[in-house]
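Let's see this in three dimensions:
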Amino acid sequence: MNYNQNERLNQLNENILIIGIDVAKKFHVARAQDFRGIEFKKGIKFDNSRQGFAEFEDWKDLLQSEYNKTKVIIGMEPTGPYWLPLARWLQSEGYWTVTVNPAHVKKSKEFDDNNQAKTDYRDARVIAQLVKDARFSEPNLLIGIYEELRNAKNIRKMMNNDLKRIKNQIINWLDRYFPEYQQVYASWEAKTFLYILEKYKLPSRIAELDAEKVYSEVREKHPRGIGQKKIESLIKASKESIGITEGPQMAEKELDYLLKRFDELNSDIEDIANTIEDLCEKLPEVEKITHIKGIGIITASGIVAELGDIKSYKNSKQMIKMAGLSLTENSSGTKKGKTSISKRGRKDLRTILYRAVVGMIRTNEAFNKLYRYYRERAKNQLEGKQAIIVLARKLLRIIHTIVIKDIDYDEEKMLGAIKHPEEFLTAA
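Numbers count the residues shown, from 1 in each chain. Sure, this is the predicted structure:
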């Protein structure tokens, strides 16, 4: 359910029980009130377990019966991973489950008594009050294949981060033990260099090798590899190396570990990429998004993984808000401040869209034209990043349209539908 604040307020009436829960790792604290803010009895502290959830439900049922409430709304902060099991359990039981902004909880806790103290019971009360004021949102908890896709995307991101770390550690090792390799190889990731490094490790051992023999070995593994002269240059660089020579046994062990992790992570990333492709085959919206020139399977799957079921969004504004790309203005009196984006949404989605648009400006003629228009128009010219943000919002509107209406992306139609004010074109 997606409502504006007035619609949410209309649903909070005398028949509803409002519960605020402060979540933690081992236990949670809940407090209840009515839609006017009048609290019901003492709150409850319950374990983060199946038994604890049952105790919470008994407490809730007792309040509903005693105060004659027919509906329940339960709010909590979406902080850390601790809220997820409880929120999913509540949703599976059919409860209206909502989240409040942690920043709002922090800023509003002093309203009642001007006291900055923080306790679990106090926070639960503040959360209930925010729900009462309809300052909540619906959590975007994915189900089925969409949850699988998001998890796969997160695993790939974690693996890529691990791979980046391992690469940096390998470079660190080379800088300590064999800095001269760069005289021969532009990149340490060259297959032939990795083969020699994995087999012989230290410069002191490479210096003793016969170039012709090593060349024969390399040709067997990599027929299209380097020539013998490059191997000779590597052996020469090894003989002149200033790399550390102390502790060779552990140096070799360290390199073995790093190269092993490097190979494993590359293999794992390839496997998860294949898994993502298999999942995407079951999601027709991913294929539709890839029809937009400049967007590949990785970008399309990332967008769907972050948004979930695009058909569940009433309009593209909700998708823009989910990405944290809603525009905010800071103005006071006659002074008009800068307009910026809210950044209150899914950071990964924002990053994916930004990178996608940067690539599309180079490869997609329509987006390139729009980018140049925003940058060069006669009035209100945008800076580079501002134009990219405008195009990211445009991309989300396009994605919403082609998925909801089940149509293919039409570049000419998109450009034709955009109307540029005459005063913006005068000197463009």
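
quick one, what contacts Glu306?
Residues counted as contacts of Glu306 (C-beta atoms under 8 Å, 6 or more residues apart in numbering) are Arg150, Lys153, Met322, Ala323, Arg346, Asp348, Leu349, Ile352. Heads up, the C-betas are built off the backbone N, CA and C, glycines and all.

Check the third one and give its pLDDT.
pLDDT for Met322: 92.

That one contacts Arg344, correct?
No - checked against C-beta atoms under 8 Å, the pair Met322 and Arg344 is beyond contact range at 9.7 Å.

still on that earlier bit, closest one of the contacts of Glu306 to Glu220?
Glu220 lies nearest to Lys153 out of the contacts of Glu306, by C-beta to C-beta, at 38.9 Å.

Could you list the low-confidence segments of the stretch 201-350 of the chain?
Applying pLDDT under 70 to the stretch 201-350 of the chain picks out residues 225, 331-337.

What segments of it are strands?
All strands of the stretch 201-350 of the chain, identified by DSSP state E, counting those that start in this stretch, fall at 327-332, 335-341.

Give the helix, strand or coil label for Gly75.
strand (DSSP: H, G, I helix; E, B strand; the rest coil).

Skipping its backbone neighbours, what lies nearest it in space?
Of all residues not flanking Gly75 in the chain, Val131 sits nearest, at 3.9 Å (C-beta to C-beta, 6 or more residues apart in numbering).

can you tell me how far the one you found sits from Gly52?
The spacing between Val131 and Gly52, counted by C-beta to C-beta, to the nearest Å, is 21 Å.

More neighbours: those two, which one.
When Val131 and Gly52 are compared for neighbours, Val131 comes out ahead with 26 against 17, by other C-beta atoms under 10 Å.

Quick check: that one vs Glu411, distance?
From Val131 to Glu411 the distance is 45 Å (C-beta to C-beta).

Same check on Thr290?
Relative to Glu411, and taking C-beta to C-beta, Thr290 is found at 14 Å.

higher neighbour count, those two?
More neighbours surround Thr290 than the other of Thr290 and Glu411, with 18 against 14 (other C-beta under 10 Å).

Next, Asp58: phi, psi?
Main-chain torsions, Asp58, degrees, to the nearest 10: phi -60, psi -40.

neighbours of it, just the number please.
12.

For the remainder of this discussion, apply numbering that starts at 55.
Sounds good: first residue 55 from here, last item Asp112.

Could you report the pLDDT at it?
On the pLDDT scale, Asp112 is placed at 96.

Now do the residue nearest in space to the middle of the chain against Leu337, distance only.
In the chain, the C-alpha nearest the mean C-alpha coordinate belongs to Asp402, at 2.4 Å (C-alpha atoms, centre = their mean). Look at Asp402 and Leu337: by C-beta to C-beta, they are 18 Å apart.

likewise Asp229?
From Asp229 across to Leu337, the span is 44 Å (C-beta to C-beta).

Compare those two and say which is more crowded by neighbours.
Neighbour tally, Asp229 and Leu337, criterion other C-beta under 10 Å: the higher count belongs to Leu337, 19 against 13.

Please determine how far the closest residue to the more buried one other than its chain neighbours is located from Leu333.
Among residues not flanking Leu337 along the chain, Val358 sits closest, at 6.1 Å (C-beta to C-beta, 6+ apart). Val358 is 9 Å from Leu333, where distance means C-beta to C-beta.
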